[in-house]
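Chemist: let's see this in three dimensions:
(4 chains)
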2 protein chains.
Amino acid sequence: MSERRKTAPTRARERAARGAKVDTRERLVRAGLAVLERGEPFSLGEIAREAGVSRQALYLHFESRAALAVAVAQFVDESFGLEEALAPSRAATDARALLRAHARFVAKYNERIQTVVRMADALRQTDAEMAVPWKDRLANRRAGGHIIAQKLSAWGELADEWTVESAGDWVCALSSVKLWEELVLDLGWSRERFARSLERQLAAGLLRPKEPLASGPATNR
Amino acid sequence: MSERRKTAPTRARERAARGAKVDTRERLVRAGLAVLERGEPFSLGEIAREAGVSRQALYLHFESRAALAVAVAQFVDESFGLEEALAPSRAATDARALLRAHARFVAKYNERIQTVVRMADALRQTDAEMAVPWKDRLANRRAGGHIIAQKLSAWGELADEWTVESAGDWVCALSSVKLWEELVLDLGWSRERFARSLERQLAAGLLRPKEPLASGPATNR
DNA sequence: GGGGTGGTTGACATAGTGTAAAGTTACCGA
DNA sequence: TCGGTAACTTTACACTATGTCAACCACCCC
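Modeler: Residues are numbered from 1 along each chain as shown, chains lettered A, B, ... in the order given. Model (predicted):
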């Protein structure tokens, strides 16, 4: 059902791909982000107005508020250059460098997506439709944490009390927007201070303590 | 202005103090908590119905949704026995015991207030009236973190890179409901695992490393 | 010229918050 | 015993938001 509502954005994207006039869908997404970034309560009508389009046009492109929210989140990821921003972490060849790169990434990325996540999290309480994309994003973040834990483990740097699983979850949790939000937004920390503290905490908490090269600590698990 | 709306709950409280029949205000607060704990979207009408009272009666006791939310939060604090639950932390006489007590407290307390905080945080996005009580609670939590950092510092256990200020903020942030929520609710950690990890991580991140082996890590700031 | 596409306006159903007003009950004090 | 009043009820209303529907318009392409 609802065939018309589905074909509309598809066609819009096709037109855009062929270089057609203006992509209203993208205008709506950008407007959504702009309105969101004002940080105040808003309505769909406001977003439509900001996009210079009627409120109804919004429903030609998005089935619901949640669908728009998802699109905005995706847009932010893309315009941020997520893949590129992750490059330093991927390129790291030792534990300290990896954690440092990750902390820097988290500080930058969370700042960028903060408003979107904030809204999505609030929406999640009242809008069941939001639950699925939210879980998806969490799964992604979790996977990111696990990759880091996996590397630390492979390098023999993960402290004994951690499994790769649980260390990955811990990295994921410490990388969450909510932690960033509380420290930077609510408590007034600078971006640098946040990144430095996160890096330190991750290193102190995850890494095997440096042993004085006495006996063989490599075999105790 | 709005004199009548203000006297109503006052009188109700007076009646309750004199041992009068039923305190509708408290019934509403309890109902609010019960509805909240179902974890689903809800309306004020639902809460009133749950309390066995008309929706309008709610406005005789609370000026707005936000006011009710604040009352529910207060009620949860009281019924949880916040003061009592903090006793172990206050009684701690060394750093490890303090962090352990705090981690246990956080695990228990956050579990209890989770639903309320969740809602309040969501409300905060759309309801400016919520901002003030939210900031108050944050200030309280922050103060709690600072007390801990202060003690660690007084005992000479706080690692060099921290100031009391920033360490306190860090404790506050790591003690936030959001971290608990992500690990326990979203990632499925057990309460014990959370408490243990938080304790360990606080210790690893905040405490001065024990062995002053070689030069290395003491000067890396 | 005709058809489809993407947009418009306007109306509508539904649901929630908050305000207002009038009626009911029950207690309390002179 | 009577009157007043606090607490609550019912009913109605204003306002805002989401989402649906229908009719109409304009453009582009065949």
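
Chemist: C-alpha only now, for contacts and for neighbours.
Modeler: OK.

Chemist: in chain A, which spans are helices?
Modeler: Assigned by DSSP state H, chain A shows helices spanning A:3-17, A:24-37, A:44-50, A:55-61, A:65-80, A:82-91, A:95-126, A:131-154, A:164-174, A:177-180, A:191-206.

Chemist: let me have those helices in TSV, extended by distance to B:Arg38 and mean neighbour count.
Modeler: Listed next are the helices of chain A as TSV, based on distance: least, CA to CA, whole Å; neighbours: other CA atoms under 10 Å in any protein chain shown:
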stretch	distance to B:Arg38	mean neighbour count
helix A:3-17	34	14
helix A:24-37	29	20
helix A:44-50	28	18
helix A:55-61	31	17
helix A:65-80	22	17
helix A:82-91	37	14
helix A:95-126	12	20
helix A:131-154	16	17
helix A:164-174	25	23
helix A:177-180	23	23
helix A:191-206	35	21
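
Chemist: between these, which gets nearest to B:Leu82?
Modeler: helix A:177-180 (23.5 Å; CA to CA).

Chemist: check whether the closest one contacts chain B.
Modeler: Yes. Using CA under 8 Å from any CA of the partner chain, helix A:177-180 reaches chain B at A:178-179.

Chemist: what's the nearest residue to the one residue in chain A that gets nearest to chain B if we skip its chain neighbours?
Modeler: Closest residue of chain A to chain B, CA to the nearest CA: A:Ala122 (4.2 Å). Distance criterion CA to CA, 6 or more residues apart in numbering or on different chains; nearest residue to A:Ala122, sequence neighbours excluded, is B:Ala122 at 4.2 Å.

Chemist: mind listing what that neighbour touches?
Modeler: Contact analysis of B:Ala122 by CA atoms under 8 Å, 6 or more residues apart in numbering or on different chains lists A:121-123, A:125.

Chemist: now do the same contact list for A:Arg30.
Modeler: A:51, A:72.

Chemist: give me the pLDDT value at it.
Modeler: A:Arg30 is assigned 97 on the pLDDT scale.

Chemist: look up how far A:Tyr59 lies from it.
Modeler: 16 Å (CA to CA, to the nearest Å).

Chemist: closest one of the contacts of B:Ala122 to DNA strand C?
Modeler: Minimum distance to DNA strand C across these is 12.8 Å, recorded for A:Gln125 (CA to the nearest atom of the strand).

Chemist: now the residue nearest to that closest one when sequence neighbours are not counted, what are its backbone angles?
Modeler: Leaving aside its chain neighbours, A:Gln125 sits nearest to B:Pro41 (6.3 Å; criterion: CA to CA, 6+ apart). With angles defined as degrees, to the nearest 10, B:Pro41 sits at phi -60, psi 150.

Chemist: about what we covered before: can you lay out the contacts of B:Ala122 as JSON lines showing pLDDT and distance to DNA strand C?
Modeler: Below are the contacts of B:Ala122 laid out as JSON lines (pLDDT from 0 to 100; distance: CA to the nearest atom of the strand, whole Å):
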{"residue": "A:Asp121", "pLDDT": "94", "distance to DNA strand C": "18"}
{"residue": "A:Ala122", "pLDDT": "92", "distance to DNA strand C": "15"}
{"residue": "A:Leu123", "pLDDT": "92", "distance to DNA strand C": "14"}
{"residue": "A:Gln125", "pLDDT": "88", "distance to DNA strand C": "13"}
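
Chemist: what is the nearest of these to B:Asp136?
Modeler: Using CA to CA, A:Ala122 comes nearest to B:Asp136 of the contacts of B:Ala122, at 20.1 Å.

Chemist: could you list every residue that touches A:Arg141?
Modeler: A:Cys172.

Chemist: domain parsing for chain A?
Modeler: What automatic domain parsing lists as the domains of chain A is A:3-63, A:70-207.

Chemist: weakest of these by average pLDDT?
Modeler: Ranked by mean pLDDT, the domains of chain A end with domain A:3-63 in last place, scoring a mean of 77.

Chemist: the residue nearest to A:Gln125: neighbour count?
Modeler: B:Pro41 has 13 neighbours, counted by other CA atoms under 10 Å in any protein chain shown.

Chemist: before we move on, what about A:Ser190?
Modeler: With other CA under 10 Å as criterion, A:Ser190 counts 12.

Chemist: which residues of chain A lie near DNA strand D?
Modeler: Applying CA under 7 Å from any atom of the strand, we find that chain A lies next to DNA strand D at A:42-45, A:56, A:59, A:63-66.

Chemist: need those residues in JSON lines with distance to DNA strand C, can you?
Modeler: Output for those, formatted as JSON lines (distance: CA to the nearest atom of the strand, whole Å):
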{"residue": "A:Phe42", "distance to DNA strand C": "15"}
{"residue": "A:Ser43", "distance to DNA strand C": "13"}
{"residue": "A:Leu44", "distance to DNA strand C": "13"}
{"residue": "A:Gly45", "distance to DNA strand C": "11"}
{"residue": "A:Gln56", "distance to DNA strand C": "5"}
{"residue": "A:Tyr59", "distance to DNA strand C": "9"}
{"residue": "A:Glu63", "distance to DNA strand C": "13"}
{"residue": "A:Ser64", "distance to DNA strand C": "13"}
{"residue": "A:Arg65", "distance to DNA strand C": "14"}
{"residue": "A:Ala66", "distance to DNA strand C": "17"}
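
Chemist: so what's A:Ser153 closest to, chain neighbours aside?
Modeler: A:Val164 (6.8 Å).

Chemist: my bad, A:Arg96
Modeler: A:Ala203 (7.0 Å).

Chemist: ok, the one you found touching A:Leu99?
Modeler: Yes. Taking CA atoms under 8 Å as the definition, A:Ala203 is a contact partner of A:Leu99 at 6.8 Å.
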